[in-house]
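[1] what's the 3D shape of this:
(one chain, ligands or ions: 1)
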Amino acid sequence: MSLGERLGFDPARIFISGEWISPAGGRTLALENPSTGETVGEIARGDKADIDNAVAAARAALNGGWGALTALERGRILTRMGRLVLDNVDLLAELEAADVGKPLAQARNDAVALARYLEFYGGAADKVHGQTIPYLDGYTVYSLREPHGVTGHIVPWNYPMQIIGRSVGAALAMGNAAVLKPAEEACLTALAFAHIADQAGLPEGALNVVPGLGEEAGAALSAHPGINHISFTGSVGVGSLVQAAAAANVVPVTLELGGKSPQLVFDDADIERALPFLVNAGIQNAGQTCSASSRILVHRDVYDEVVERMAERYRSLRVGPAADDLDVGPLISARQKEIVSGFLDLAAQDGLTVAARGNVSADAPAGGHYVEPTLIAGVSPDHRLAQDEIFGPVQVVIPFDAESDAIAIANGTDYGLVAGVWTRDGGRQMRLAKAIHTGQVFINNYGAGGGVELPFGGVSKSGHGREKGFEALYGFSVLKTVAAHHG
Ligand code: NAD
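    As a prediction, this is how the structure comes out:
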C-alpha cells in the first residue's frame, strides 16, 4: 500500500479550502528519510501562487462558515481534532520518526502533545473575554477580544507537531483562519494534521497547508499583504527576514527563534535529581531543540563530580535509526551534520576537552546523518561553542565560582529562551529567577519543549511574543475598546 493510500491523502498535494490539490507550478520536492539518507517519496513544492490561493481561501472562510461559528463551536471542533490525534498517535509518531529522524518514543510524545494543545485550546476557546472599564459618568466602556483575521504560520522541521499545535491551535481557538507553511525537510505530520482537521469537521478554508521552500512559499507568506498576523518559528536569520517582510505591510509578528539555554548547578544542588535533566535537555531530538540546554554551568566545588556523572551517561548513549527507538536519532540532513561536525572540529582544533562521547550503533545505515553525542568540559564562556547555537547533541560544561559569575555567564550570550537553576537555597532560587534574562526559568527541573500550559518565548535574539498556555490566546487576538455614551 502506498503512503498516500495509508494516510487517506496524497502527500504530494497541498490543502486549500478543504481540497487536496496539486501545487500551481506542478513541482515537487524529494522526501528524505534522515535515518537512511534515502529518498522515500515526494512532497509538493508550493509557491507564491499557492500562497495567494491559500490566503484567499482563509479570507473566504472568515467571511463564511468559519467566521460564523461561536467560540463554543470552534472549541468543540478543536477538541474533536485532539481526540482524532489521540486515536492516530501511532501513525503520527511513525510519520514523524521517519520524516524528522526522531526516535519513536520521542515522536510519540510529540503526537500526544499535539493532542494536548488541541484539548487545551479547544477548552479555552470560549473562556477568553474582555473587561468592563470604569470611565466618565454616562458611559459604559468595555473591551472585546477579536481574531486578527488571516494568520500565517511558518514552522521548522524539528518539532512540527508540537509547534503546529501551539501556534495553529491557539490561532483557530480565537477564530482566525490559518495558512500553514511547514518546513520542506519535514511536513508529513502537517499534512496529516490537515486531514484530521477535515475529518473533525473544521470548515473549509479555516486551515490551509502549503508545503514548499522557505525562500519561495515562506517568503511569499511573510510578505503577503492579505495576512493580518504571522507566527514564525525558526532561525534568527530567517526570523529577521520575516519580520522585515511583515513590517512592510505593518503586520504583527511573533518570533520563536533559537537559544543557548543554560542550566546552573550550585554546590547545594540535588545532583542525583538534576542528572537526567542535565543530559536529556541536551540530547533530546539529537540536540535539535530550540530550548535545548547546551550550556551546563557548574559550581567549582561540585564541578568534577557533575562532569564525571554526566560523562558516565554520555558513554551509555546509543545512537541509531529512529525506528530502533534508541536514545538519539540522526540529524535532519547532511547539511545539519556538516554544521555540527564543524563545531566538533573547532573544539578539536582549539584543544577543548572531550569528557565523553555516545556511540553510533554499528548497524546504523551509512547514509544516515549520525553524529556522536559529545560532552565538552572546561569551556570558556566566550568560546564559540559556548556562544553559538550548535543544534546538535553537543553540550559544553563551564565552571563558575560566585553566584554573580554564574548570572553573568548565563546572561552572556545573544539569546534568552530558557534557563534551569539547581539549588536548594530558596533565596537564591528567587534571586536567579529574576536575574536571568530568559522567557522561562525552571527551578530544580528543566522543560525542553515541555508544558503546553506554560507561556513560552524568548527575549533578545530568541525572539518576541509568547506562545503556549493561555497567554497565546491574547497574542492571537486583538483587543477592541468600545465606549458607549448613554447619558
Ligand atoms: P529556518 O529558519 O531555516 O526555517 C524555518 C522555517 O522558515 C521553514 O519552514 C523554512 O522553510 C522557512 N523559511 C526559510 N527561509 C525563509 C524565508 N526566506 N522566508 C520565509 N520563510 C523561510 O530554521 P530551521 O533550520 O528549520 O530550524 C532551526 C531553528 O529554529 C533553530 O535556530 C531553532 O532554535 C529554531 N527553533 C525555535 C523554536 C522556538 O520555539 N523558539 C522552536 C523550534 C526551532
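[2] residue boundaries of the helices in the stretch 201-350 of the chain?
    219-222, 236-248, 271-283, 300-316, 334-349 (DSSP state H, counting those that start in this stretch).
[3] need those helices in JSON lines with mean neighbour count and mean pLDDT, can you?
    All C-beta spots, glycine's among them, are computed from the backbone N, C-alpha and C. Output for those, formatted as JSON lines (neighbours: other Cβ atoms under 10 Å; pLDDT from 0 to 100):
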{"stretch": "helix 219-222", "mean neighbour count": "26", "mean pLDDT": "98"}
{"stretch": "helix 236-248", "mean neighbour count": "17", "mean pLDDT": "98"}
{"stretch": "helix 271-283", "mean neighbour count": "20", "mean pLDDT": "98"}
{"stretch": "helix 300-316", "mean neighbour count": "17", "mean pLDDT": "98"}
{"stretch": "helix 334-349", "mean neighbour count": "15", "mean pLDDT": "98"}
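[4] which parts of this structure sit against the ligand?
    When proximity is defined as Cβ under 6 Å from any ligand atom, the chain approaches the ligand at 154-159, 181, 183-184, 214-215, 218-219, 222, 233-235, 238, 241-242, 256-259, 290, 389, 391, 417, 463.
[5] among those, which ones are buried?
    154-159, 181, 183-184, 214, 218-219, 222, 233-235, 238, 241-242, 256-259, 290, 389, 391, 417, 463 (16 or more other Cβ atoms under 10 Å).
[6] Now do the phi/psi pair for the closest residue to residue 433 other than its chain neighbours.
    For residue 433, ignoring the flanking residues on the chain, the nearest one in space by Cβ to Cβ, 6 or more residues apart in numbering is residue 441 at 4.7 Å. The phi/psi pair for residue 441 (degrees, to the nearest 10) reads phi -130, psi 130.
[7] Now do the same for residue 441: its pLDDT.
    Looking at residue 441, its pLDDT is 98.
[8] oh, and call the first residue 314 from now on, that's how I've got it
    Okay, residue one is now 314; in that scheme the one you just asked about reads as residue 754.
[9] Tally up the residues packed near it, please.
    19 (other Cβ atoms under 10 Å).
[10] which ones are touching it?
    By Cβ atoms under 8 Å, 6 or more residues apart in numbering, residue 754 lies in contact with 731-734, 745-746.
[11] From those residues, list the buried ones, please.
    When the contacts of residue 754 are checked for burial by 16+ other Cβ under 10 Å, the buried set is 731-734, 745.
[12] can I get these in CSV with pLDDT and distance to residue 720?
    Formatted as CSV, these follow (pLDDT from 0 to 100; distance: Cβ to Cβ, whole Å):
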residue, pLDDT, distance to residue 720
731, 98, 16
732, 98, 10
733, 98, 14
734, 98, 10
745, 98, 7
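[13] could you dump the residues you listed to JSON lines with secondary structure?
    Below are these laid out as JSON lines (DSSP: H, G, I helix; E, B strand; the rest coil):
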{"residue": "731", "secondary structure": "strand"}
{"residue": "732", "secondary structure": "strand"}
{"residue": "733", "secondary structure": "strand"}
{"residue": "734", "secondary structure": "strand"}
{"residue": "745", "secondary structure": "helix"}
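[14] Just give me the closest of the residues you listed to the ligand.
    residue 731 (9.1 Å; Cβ to the nearest ligand atom).
[15] Distance-wise, check the closest one relative to residue 412.
    25 Å (Cβ to Cβ, to the nearest Å).
[16] Ok, residue 704 next?
    17 Å.
[17] For residue 428, which non-adjacent residue is closest in space?
    Residue 428 sits nearest to residue 398 (Cβ to Cβ, 6+ apart), 4.0 Å away.
[18] Quick one: residues contacting the one you found.
    405, 424, 427-428, 431, 506, 509.
[19] Check residue 611 too.
    Taking Cβ under 8 Å, 6+ apart as the test, what residue 611 contacts is 578, 619-620, 710-713.
[20] And residue 598, by the same measure?
    Residue 598 sits in contact with 413, 415, 419, 471-472, 605, 642, 762, where contact means Cβ under 8 Å, 6+ apart.
[21] just those now: which is nearest residue 724?
    Set against residue 724, the nearest of these by Cβ to Cβ is residue 605 (18.0 Å).
[22] Can you read off the pLDDT for that closest one?
    97.
[23] what residue ranges in this structure score low on pLDDT?
    314-316, 761-762 (pLDDT under 70).
[24] Could you tell me how far the residue nearest to residue 428 is located from residue 505?
    Per Cβ to Cβ, residue 398 is found 9 Å from residue 505.
[25] Residues that sit against both of the two, list them.
    residue 405.
[26] Please report the distance of residue 532 from residue 557.
    11 Å.
[27] Could you do residue 701 as well?
    According to Cβ to Cβ, residue 701 stands 23 Å off from residue 557.
[28] What of residue 536?
    Distance, residue 536 to residue 557, using Cβ to Cβ: 9 Å.
[29] ditto for residue 793
    For residue 793, the distance to residue 557 - Cβ to Cβ - is 28 Å.
[30] cool, residue 433 as well?
    32 Å.
[31] Can you classify the residue nearest to residue 547 when sequence neighbours are not counted as helix, strand or coil?
    Once flanking residues are discounted, residue 547 sits nearest to residue 469: 4.6 Å by Cβ to Cβ, 6+ apart. In three-state terms, and counting by three-state DSSP, residue 469 is coil.
[32] hang on, isn't residue 469 packed against residue 477?
    No: judged on Cβ atoms under 8 Å, residue 469 makes no contact with residue 477 at a distance of 10.8 Å.
[33] residues contacting residue 524?
    Taking Cβ under 8 Å, 6+ apart, we find residue 524 in contact with 327, 342, 356-359, 494-495, 497, 500, 503-504, 530.
[34] next one: residue 688
    Contacts of residue 688 were listed using Cβ under 8 Å, 6+ apart, and they are 620, 623-624, 627, 667-670, 707-708, 710.
[35] Repeat the analysis, applying 7 Å as the threshold.
    623-624, 627, 668-669, 708, 710 (Cβ atoms under 7 Å, 6 or more residues apart in numbering).
[36] and which of those is nearest the ligand?
    Closest approach to the ligand among the contacts of residue 688 (Cβ to the nearest ligand atom): residue 708, at 15.2 Å.
[37] any idea what sits nearest the closest one, other than its immediate chain neighbours?
    residue 595 (3.9 Å).
[38] follow-up on the earlier one: of the contacts of residue 611, which pair is most distant in space?
    Comparing all pairs in the contacts of residue 611 by Cβ to Cβ, the longest separation belongs to 620 and 713, at 13.3 Å.
[39] Leaving out sequence neighbours, find the closest residue to residue 512.
    That would be residue 397: by Cβ to Cβ, 6+ apart, it lies 5.9 Å from residue 512.
[40] Tell me which residues of the strand or helix carrying residue 795 come out buried.
    Using DSSP states H and E, residue 795 falls within strand 790-798. Residues residue 790 are the ones in strand 790-798 that count as buried (16+ other Cβ under 10 Å).
[41] Direction included, what does that strand pair up with?
    strand 452-460 (antiparallel) (DSSP bridges).
[42] Got the domain ranges for this protein?
    For the chain, automatic domain parsing gives the domain ranges 316-570, 575-763.
[43] What is the end-to-end distance of the shortest one?
    End-to-end distance of domain 575-763: 16 Å, with Cα to Cα, to the nearest Å as the criterion.
[44] For that domain, what is the distance to the chain centroid?
    18 Å (Cα atoms, centre = their mean, to the nearest Å).
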